[in-house]
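**Q** task: produce atomic coordinates for the following.
(one chain, ligands or ions: 2)
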Amino acid sequence: MGPHATHSCKDCLGVRIMSGYQGGSSSSSGLNGAGDGEVPFKRSKRYRPYNRPSTVPRNPSLNQDQQVMSMPWFGMDIGGSLAKLVYFEPKDITPDEANAEVETLKNIRRYLTKNSAYGKTGHRDIHLQMDNVEVRGRKGSLHFIRFPTSEMGNFLELAKSKGMATLVTTVCATGGGAYKFEDAFQREVNMNLMKFDELDSLIRGILYIETNDPKECYYFADPTSENQCHKVPYDLSNPYPFLLVNIGSGVSVLAVHGPNTYKRITGTSLGGGTFLGLCCLLTGCNTFEEAIELATGGDNTRVDKLVKDIYGGDYEKMGLPGDLVASSFMGVCSFGQMNAKDKRANVSREDLARATLVTITNNIGSIARMCASNEKINNVVFVGNFLRVNPISMKLLAHAMDYWSKGTLKALFLEHEGYFGAVGCLLGFNGFVS
Ligand SMILES: Nc1ncnc2c1ncn2[C@@H]1O[C@H](COP(=O)(O)OP(=O)(O)O)[C@@H](O)[C@H]1O
Ligand SMILES: CC(C)(COP(=O)(O)O)[C@@H](O)C(=O)NCCC(=O)O
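**A** Ligands and ions are numbered 1, 2, ... in the order given. Predicted structure coming up:
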């Protein structure tokens, strides 16, 4: 079983944006962006959290970076498929702050933290909520919200209607959408996006969450056994080196040697977006959740051609087991075979969904293995929302890493799956004061 329950989101988004303390910092430096040598989750000695109370008007002499300390604190990762919004809810509000806090902020905070659905497509992953964490010297909770990037127009509309522009100047943002939608944020809600690189943010987020939650990382023991397969916690406190495979719309593969030392080795356009796109075309499904549900009930061996379909058994000399997929999807068009048409007619939507999932997953597994072997790295950490509610792919990857490396490679997974970029960019700005 997968770690999370299945959620379904349709139609338009109704996330209401909060605003609040018009805090600020007299920062003159301190952007903790990529590769500046700052370990993201450790507090600098020069760090001094300061929140200007909400009654204090914006100081026009402060530049954008200085204004960013204003609450609310959001980190946004606007990806090709999903926008991930991480909201930091302060829990250490002093009486003075509470008195000075504007009513709008209180209402919005309540709205965000008491609901789990926002409009029709905004969804808060309550099971991922992190309490008693420290961000920029403040204690509080992290809330994890997602909505389809295609709903960004509605998101901005709502943000505007809630008066966001009067309360917030800057939001930390990453992902391609931080660039694509930058002008729209400025135009529609008078908000500046403080942009951070998505891969820097991804690593920073992983390190922070792993440090704060010892149960974050796990692997699958006995991934091929229906009854024996189970999740086992893995201690990732000494993570380096590790291969990081981010399976979002597309796939990026990174070799990570330190908090600020990594390289992007390669990528593939055959990712989570491909799975969903092909699945919609082949089965007529409309959502990721539906696609996974179909795949769960399907059998890819009715669609794929296996080694044993070609060899009649294992290809022993090369160590290829008979059950290995020899050619994805070839089973439905076996050239020259009399029964190809009949075979195709008997293939169900479920089988097609399963075959699509297995095809995409195997390809990613294969690339990951080659990269790990080239880089001489044994731990392969898989993240990204493609793995959301998707135990089939996680177990396939776990088995592939183990089997083909004869037990040398270990596939590791993280509970917060697709949220690391958003967390990392939230942490990207630190309020330094000289
Ligand atoms: N509710 C969902 N809606 C759309 N795609 C989803 C959903 N849940 C999981 N996914 C999968 O996650 C992929 C996006 O992963 P993500 O890590 O958010 O990447 P990106 O940053 O490119 O949006 C999608 O392509 C799809 O395969
Ligand atoms: C361009 C991207 C980094 C964007 O990230 P995403 O929104 O998919 O998470 C990613 O889709 C990617 O790495 N694509 C593969 C490109 C390639 O190397 O072929």
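**Q** my guess is L320 contacts D314. True?
**A** Yes: the pair L320 / D314 is scored as a contact, 6.5 Å apart, by C-beta atoms under 8 Å. From N, CA and C alone the C-beta is placed, and that goes for glycine too.
**Q** what do the two both touch?
**A** Residues touching both L320 and D314 (C-beta atoms under 8 Å, 6 or more residues apart in numbering): V307.
**Q** say whether ligand 1 is contacted by stretch 272-290.
**A** Yes: using C-beta under 6 Å from any ligand atom, stretch 272-290 comes into contact with ligand 1 via G272, G273, F275, L276, F288.
**Q** mean confidence score for that stretch?
**A** If you average the pLDDT over stretch 272-290, you get 98.
**Q** just stretch 247-265 next, same as before
**A** pLDDT averaged over stretch 247-265 gives 97.
**Q** could you do stretch 392-402 as well?
**A** pLDDT averaged over stretch 392-402 gives 98.
**Q** look up how far ligand 1 lies from P95.
**A** 40 Å (C-beta to the nearest ligand atom, to the nearest Å).
**Q** quick one: contacts for I292?
**A** I292 neighbours (C-beta under 8 Å, 6+ apart): T6, A353, L357, V389, N390, I392.
**Q** may I see the PyMOL selection of the buried members of these?
**A** To isolate the buried members of these in PyMOL, using 16 or more other C-beta atoms under 10 Å:
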select buried, resi 353+357+389+390+392
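**Q** keep only those of the contacts of I292 that are in helices.
**A** In helices, defined here by DSSP state H, the members of those are A353, L357, I392.
**Q** quick check, the strand ranked longest in the chain touching ligand 2?
**A** Ordering each strand of the chain by length in residues (DSSP state E) puts strand 138-148 first. No: on the criterion C-beta under 6 Å from any ligand atom, strand 138-148 is out of touch with ligand 2, staying 12.6 Å away.
**Q** so what does the helix or strand following that strand touch, helix or strand wise?
**A** Downstream of strand 138-148, the first helix or strand assigned by DSSP states H and E is helix 152-161. When contacts are defined as 3 or more C-beta pairs under 8 Å, 6 or more residues apart in numbering; DSSP states H and E, helix 152-161 packs onto helix 182-189.
**Q** partners of the very next helix or strand once past the helix it packs on in the sheet?
**A** For helix 182-189, the following helix or strand on the C-terminal side (DSSP H and E) is strand 192-195. Sheet pairing of strand 192-195 (DSSP bridges) gives strand 170-174 (parallel).
**Q** how about D323, secondary structure?
**A** The assignment at D323 comes out as coil when based on DSSP: H, G, I helix; E, B strand; the rest coil.
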